[in-house]
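S.K.: Next input, structure requested:
(3 chains)
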Amino acid sequence: MTGPLLEVKDLTKTFGGIRAVDGLSFAVAPGAITGIIGPNGAGKTTVFNLVTGVYRPDAGSIDFEGRSLLGIRPDQIVGAGIARTFQNIRLFNRRTCLENVLTPLLQKAPYSVPAALLRTPGVRRMDRELREKSRFLLAEMGLEKLADVQASALPYGLQRKLEIARALAMEPRLLLLDEPAAGMNPEESRALSALIEEIRERFNQTILLIEHHMDVVMRVCSHIVVMNFGALLAEGPPEKVRTDEKVLQAYLGKEYRNA
Amino acid sequence: MFLQTVVTGLSIGGIYALMAVGYSLVFSVLSFSNFAHGAVIMLGAYIGLGLVTKLHFGLGLVVSGAMAGAGLIAIVNEKLAYSLLRKRKAPSLYIMISAMGCAVFLENMVYATIGSRFYAFPAFFKQSVLCLFNGTCNIALLDLFAFGISILAILGLHLFLIHTRTGIAIRAGVSDMTMCSLMGVNLDRLISIVFFLAGIFGGAAGVFLGIKYLVYPTMGWVTNKAYIAAVIGGLGSLPGALLGGLILGVLETFVSTYVSSVMRDVFSFGLLIALLVWRPNGLFGRDTGEKV
Amino acid sequence: MNYVLSIVTLAGINMIAVLGLSIFTGFTGLFSFGHAALVGIGAYASAILTYYYFVPFPIALVAGMAASALVSLVIGIPTLRARLRSDYFAIAILGFGEALRVILENLEITNGARGLPGIEPFTTLPIVAGCLAVSVWVASNFLRSRYGAACIAVREDPVAAEMAGINLFRTRLLSLVVSAAFCGLSGGLLAHFLSFIQPVMFTLVQSTALLAAVIAGGMGSITGPLIASFIFIAMPEALRVAQMWRLVAYGLVLVLIMLFRPQGLMGYQELTTFFRRSRNDRPAA
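M.R.: Below is the predicted model of the structure:
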């Protein structure tokens, strides 16, 4: 495929008169890591919620692999190949790490309800294979020793990793990460940057991420979309965005320029 | 026939409205469906019955006594069964289940102690029926009285909420509880007042129901109808409760007159489901979507 | 001895219905004040088949399950599709249950409010024990499968579940239908145990009692609600407590559990995990 993997055009969403997203257009190239940055309340997470079908846009289009995502349910969008993580972590808290990863994997198991009720040998075999696959995914994230621990018992940073593991279990062609480095110290966020790059290489994964940690964004992203008040402020490679006059003024603040 | 149906419907609707107000008041502040309200109404009826049979009070005193008693019961009910949950910020569903537990508890407590006997109020009016339009339409004096009291009480409550300090505090609590407590309003007191108000309305409704039908432990389930009325009008809305009560009363009477009396309840429950599905906020309700 | 056997049988029958509701409430996270009506549908459907049409008992039981499952679709499809607030859903299904009862009270084939007497007492303790064992096995299979995993995910976080590729509507509906089938089985067994059924046996009060067992036993547990259900049925019988005091206790239990232990007796745990834990080291949590 030569065109963009995800293409957003003139996207608009208003909440009670406030334009959370205002005529936004951008594209995500396959195989790349694209970043969305912008001040708090710029509408970044709303873009994720629009792409994943949590909200319906008021206007504009969202095309994934050339097909429109408008009007289809969130679970169908996952089926189409988009998975995400959440800004305020949303794990299946009372389930183990393994079960968190296993749940989306199981959803693709092609057995029927009667077979499930009787737990036929076929069902057993498929479940066993998927369990192995979940262990493998946990191991990729360095969580294999915690497979049987309840998700809610994990420290914050590991919960973020588990959420990424769960998203990868959906075998997405586009992975949306919503502030994966939130609440991390510089050292942890450096490790996370390395992990994100590794995911891209190992799984040949296209990634779109929202992030406040500039060091993470500048390090991993090859393309950056800057939002302000729901609209596109600037976009381009990190070097260009870093020196963009409008970005410095609106987002990084005047002090940044003086520093 | 048509006119008679409307009149009968309105008179039932007035009582529904009186009960629906209790649901709506509590819902408007705490966003949960207080299913114990039916039991409070039932206890109000028993209190009224006790006052008239043991102490031989007149109608006015019986109604006031039942109102005060039911109001106090409602406060105690909130303190014991809900306040802990409310302070823990438990999901509204938990409070609702606790309320359902209260309803089952109170109702069967009455069953076990007072018994399942049906009691009747003595007749309060010598002439029980008023003839209108040369006898084409009859209206029971009690119904007229109950209807008048219902409308007056709801109007009074409306004025109370708009013009008194407490009323204003309640309305503030409706829009934002946390903010309200930050502004120095005593939330516990406020909520007690809300339950007291719901209770006194329930007490009056209980006596009217008891006079109209009979007094027995499960009479509180009639309030399912009042709940439906509150949903029709939009939970949390006072004009909604009044209008919902009247609409349900009239519709129901029409169904039982022109279709069949057994279909009446099926119709009401069907209406409840349809409304919850198609218009969960009712005619006048606020948007009360659950936070995800 | 005969008396004890009949209590155990009754408890077993009740446990199957509680198991069904547990799938819906404990594992899928939706509360229902109407499941007793689904028990009633199973009871009436199977009883009518054996009473009027001399259908063999096992076939009548299956038909009762199917009837309950079908009837649950009638309420499930509109309400679950509309994604009602959880408390509104509980109320909608309450209204549905009450409406069903009124219909049962007014049909000719059900003999109305007087009830249906003289149903053949086919249900025996071994039959109930067998049905219960199979039910527990099937229910745990269901919960281990992709469908059960979807139910639990929906309970834990509907938004995240949807983002894990789970269809909320279909998952909740399936959970309702499966739970209704268990309730239908329980009803069929009940009708042919008591040999008399009446619409008032399947009211809101009974729904509340079922819910009380699930909540007291613990959300997200199979064994907890089963134990609670057994205690609820057997204890008052053993103590010879009158029905109304039993209901007083159900009401009180609901309030106390909500106030002090909303996770119930064994919330999100099974009896088996306790044994496993005492044998092995506790997992690092």
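S.K.: Any buried residues in the host helix or strand of C:Tyr44, and which?
M.R.: If you go by DSSP states H and E, C:Tyr44 is part of helix C:35-52. By neighbour count with 16 or more other CB atoms under 10 Å in any protein chain shown, helix C:35-52 contains the buried residues C:35-51. Backbone N, C-alpha and C define where each C-beta goes, glycine included.
S.K.: Stretch A:219-229 spans what distance, first to last residue?
M.R.: The first and last residues of stretch A:219-229 sit 25 Å apart, counting by CA to CA, to the nearest Å.
S.K.: What is the distance between it and the centre of its chain?
M.R.: Put simply, stretch A:219-229 sits 14 Å off its chain's centre (CA atoms, centre = their mean, to the nearest Å).
S.K.: what residues does it touch?
M.R.: A:19, A:22, A:24, A:26, A:28-29, A:32-39, A:42-44, A:47, A:193, A:196-197, A:200, A:209, A:217, A:232-238, A:241, A:244, A:247, A:250-251 (CB atoms under 8 Å, 6 or more residues apart in numbering or on different chains).
S.K.: Now it: average pLDDT?
M.R.: Averaged across stretch A:219-229, the pLDDT comes to 91.
S.K.: can you tell if the helix or strand hosting B:Gly244 touches chain C?
M.R.: Here B:Gly244, judged by DSSP H and E, is contained in helix B:238-254. No - using CB under 8 Å from any CB of the partner chain, helix B:238-254 stays clear of chain C, coming no nearer than 12.8 Å.
S.K.: for that helix, packing partners?
M.R.: Helix B:238-254 sits against helix B:2-30, helix B:141-163, helix B:223-233, helix B:263-278, with contacts defined as 3 or more CB pairs under 8 Å, 6 or more residues apart in numbering or on different chains; DSSP states H and E.
S.K.: Output those in a markdown table; the columns should cover mean neighbour count, mean pLDDT and distance to C:Val177.
M.R.: Shown next, in a markdown table, are the helices and strands packed on helix B:238-254 (neighbours: other CB atoms under 10 Å in any protein chain shown; pLDDT from 0 to 100; distance: least, CB to CB, whole Å):
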| stretch | mean neighbour count | mean pLDDT | distance to C:Val177 |
| --- | --- | --- | --- |
| helix B:2-30 | 25 | 85 | 31 |
| helix B:141-163 | 16 | 82 | 43 |
| helix B:223-233 | 29 | 84 | 26 |
| helix B:263-278 | 20 | 85 | 18 |
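S.K.: Tell me which of these approaches chain C most closely.
M.R.: Smallest distance to chain C across the helices and strands packed on helix B:238-254 (CB to the nearest CB): 3.8 Å, for helix B:263-278.
S.K.: How about the closest one and chain C, any contact?
M.R.: Yes - applying CB under 8 Å from any CB, one finds helix B:263-278 touching chain C at B:Asp265, B:Val266, B:Phe269, B:Gly270, B:Leu272, B:Ile273, B:Leu276, B:Val277, B:Trp278.
S.K.: Burial check on residue 94, number of neighbours?
M.R.: No chain in the question, so chain A it is. A:Arg94: 18 surrounding residues under other CB atoms under 10 Å in any protein chain shown.
S.K.: was after chain C, sorry
M.R.: C:Leu94 has 26 neighbouring residues, counting by other CB under 10 Å.
S.K.: which residues does the residue of the stretch 51-200 of chain A found nearest chain B contact?
M.R.: With CB to the nearest CB as the measure, A:Val54 is the residue of the stretch 51-200 of chain A nearest to chain B, at 8.8 Å. Applying CB under 8 Å, 6+ apart, one finds that A:Val54 lies in contact with A:Pro74, C:Val159.
S.K.: Phi, psi for it please.
M.R.: Phi and psi for A:Val54, reported as degrees, to the nearest 10, are phi -70, psi -40.
S.K.: Also B:Pro280?
M.R.: According to degrees, to the nearest 10, B:Pro280 has phi -60, psi -20.
S.K.: now C:Gly34
M.R.: With angles defined as degrees, to the nearest 10, C:Gly34 sits at phi -140, psi 10.
S.K.: low-scoring stretches of chain A, by residue?
M.R.: Filtered on pLDDT under 70, chain A yields the residue ranges A:1-2, A:251-259.
S.K.: Can you give me the domain boundaries for it?
M.R.: Under the assignment automatic domain parsing, the domains of chain A span A:1-81+A:172-259, A:92-167.
S.K.: Save those domains as TSV, and put in distance to B:Lys54 too.
M.R.: Formatted as TSV, those follow (distance: least, CB to CB, whole Å):
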stretch	distance to B:Lys54
domain A:1-81+A:172-259	57
domain A:92-167	54
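S.K.: Looking at these, which is nearest to C:Leu252?
M.R.: domain A:92-167 (27.4 Å; CB to CB).
S.K.: Quote the end-to-end distance of that closest one.
M.R.: Distance between the two ends of domain A:92-167: 13 Å, counting by CA to CA.
S.K.: right, quick check: that domain against chain C, any contact?
M.R.: Yes - residues of domain A:92-167 are located near chain C by CB under 8 Å from any CB, namely A:92-95, A:99, A:102-104, A:106-109, A:111, A:113, A:116-119, A:123, A:127, A:146, A:148-150, A:153, A:166.
S.K.: of the residues you listed, buried ones?
M.R.: Buried members of those, counted by 16+ other CB under 10 Å: A:92-95, A:99, A:102-104, A:106-107, A:109, A:111, A:116-117, A:119, A:123, A:127, A:146, A:149-150, A:166.
S.K.: so which strand or helix has B:Met96?
M.R.: helix B:92-113.
S.K.: Return the set of buried residues in that helix.
M.R.: Within helix B:92-113, the residues scored as buried using 16+ other CB under 10 Å are B:92-112.
S.K.: and whichever residue of the stretch 51-200 of chain B sits closest to chain A, what is it in contact with?
M.R.: Proximity of the stretch 51-200 of chain B to chain A (CB to the nearest CB) peaks at B:Pro91, 14.9 Å away. Neighbour list for B:Pro91: C:Ser86 [criterion: CB under 8 Å, 6+ apart].
S.K.: What is the longest helix belonging to chain A packed up against?
M.R.: Identified as the longest helix of chain A according to DSSP state H is helix A:121-140. Using 3+ CB pairs under 8 Å, 6+ apart as the contact test, the elements touching helix A:121-140 are helix A:97-106, helix A:113-118, helix A:156-169.
S.K.: just the residues of the stretch 151-259 of chain A that are near chain C, which are they?
M.R.: Residues of the stretch 151-259 of chain A found near chain C (CB under 8 Å from any CB) are A:Ala153, A:Arg166, A:Met170.
S.K.: quick one: secondary structure of B:Ser116?
M.R.: The three-state label for B:Ser116, taken from DSSP: H, G, I helix; E, B strand; the rest coil, comes out as coil.
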